[in-house]
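Peer 1: How does the following fold in three dimensions:
(chains A and B)
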Amino acid sequence: ELKVEQNPLFLSMQEGKNYTIYCNYSTTSDRLYWYRQDPGKSLESLFVLLSNGAVKQEGRLMASLDTKARLSTLHITAAVHDLSATYFCAVYSGGGADGLTFGKGTHLIIQP
Amino acid sequence: EAGVTQFPSHSVIEKGQTVTLRCDPISGHDNLYWYRRVMGKEIKFLLHFVKESKQDESGMPNNRFLAERTGGTYSTLKVQPAELEDSGVYFCASSSRGMWETQYFGPGTRLLVL
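Peer 2: Take a look at the predicted model:
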């Protein structure tokens, strides 16, 4: 059974600082997704990572994938308050259920 | 282009009652998914439709849950009779071509069973 673990689950940080959220998964995956959720809103797709060594960047967020280590990271550079949200990683395994397997999410608070 | 919409946004019912949740996917998306997040737990996959056909319902918790997608457009998820442990947020998502494509999520329906 595919398991996805995120850490930390809760993160409070100051504006201007850098930090990384980690996502480990237990079995071979075809692709990995990062989503963002603001309170009461939809999950918004941030990145899709398809292959080993993939790196994608959007603004202050950068995601990477190491399929050999079964690890993805979401790096936040010079955080700003607007990035406060819950971030989920999700994995599609291809050989199991049709749906995505999610981590528990990282609740990120960025304080001025 | 309108996103995935869900109705109602919130529902509070008593144990034993019936509730029906609705999801309207993005127009033209053949693939529709239901997920659920119980408090403190991960978002869990429930089932997957391609058009009106159920492709995978391996995540449905039990036979109190019935999902339909008549005509391959909107979908409903009925819980009958509802139990306390059914409380949570029910998400719907859609994708255009297949389950490997990015899934676009709705805002969810928050269900509370008392």
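
Peer 1: Please make it C-alpha for all contacts and neighbour counts, starting now.
Peer 2: Fine.

Peer 1: so how far is A:D38 from the closest residue to B:S75 other than its chain neighbours?
Peer 2: Leaving out its chain neighbours, the residue that sits closest to B:S75 by C-alpha to C-alpha, 6 or more residues apart in numbering or on different chains is B:R69, at 4.3 Å. Distance of B:R69 to A:D38, given as C-alpha to C-alpha, to the nearest Å: 28 Å.

Peer 1: for B:K78, same thing?
Peer 2: From B:K78 to A:D38 the distance is 27 Å (C-alpha to C-alpha).

Peer 1: Neighbours of B:S75, how many?
Peer 2: Other residues near B:S75 number 24, with proximity taken as other C-alpha atoms under 10 Å in any protein chain shown.

Peer 1: try A:H81
Peer 2: 15.

Peer 1: Contacts only, for it.
Peer 2: A:15, A:109-112 (C-alpha atoms under 8 Å, 6 or more residues apart in numbering or on different chains).

Peer 1: how close does the residue nearest to B:S75 sit to A:N7?
Peer 2: Counting by C-alpha to C-alpha, the gap from B:R69 to A:N7 is 37 Å.

Peer 1: So these two - more neighbours on which side?
Peer 2: Neighbour totals were compared for B:R69 and A:N7, and B:R69 leads with 20 against 17 (other C-alpha under 10 Å).

Peer 1: and the more buried one, what pLDDT?
Peer 2: Listed pLDDT for B:R69 reads 96.

Peer 1: can you pick the most crowded of the contacts of A:H81?
Peer 2: Result: A:I109 is most packed of these (other C-alpha under 10 Å), 20 neighbours.

Peer 1: if I read this right, it contacts A:A85, doesn't it?
Peer 2: Yes: using C-alpha atoms under 8 Å, A:I109 is in contact with A:A85, at 6.8 Å.

Peer 1: Return the set of residues that bridge with the nearest residue to B:H48 once chain neighbours are set aside.
Peer 2: Excluding the flanking residues, the one nearest B:H48 by C-alpha to C-alpha, 6+ apart is B:Y33, at 4.5 Å. B:Y33 has these beta-bridge partners by DSSP bridges: B:H48, B:A93.

Peer 1: So what's the residue count around B:Y33?
Peer 2: Look at B:Y33: counted by other C-alpha under 10 Å, it has 29 neighbours.

Peer 1: returning to that earlier point: okay, the contacts of A:H81 in JSON lines with distance to A:S26 and pLDDT next?
Peer 2: Below are the contacts of A:H81 laid out as JSON lines (distance: C-alpha to C-alpha, whole Å; pLDDT from 0 to 100):
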{"residue": "A:E15", "distance to A:S26": "33", "pLDDT": "95"}
{"residue": "A:I109", "distance to A:S26": "28", "pLDDT": "96"}
{"residue": "A:I110", "distance to A:S26": "30", "pLDDT": "95"}
{"residue": "A:Q111", "distance to A:S26": "33", "pLDDT": "93"}
{"residue": "A:P112", "distance to A:S26": "36", "pLDDT": "86"}
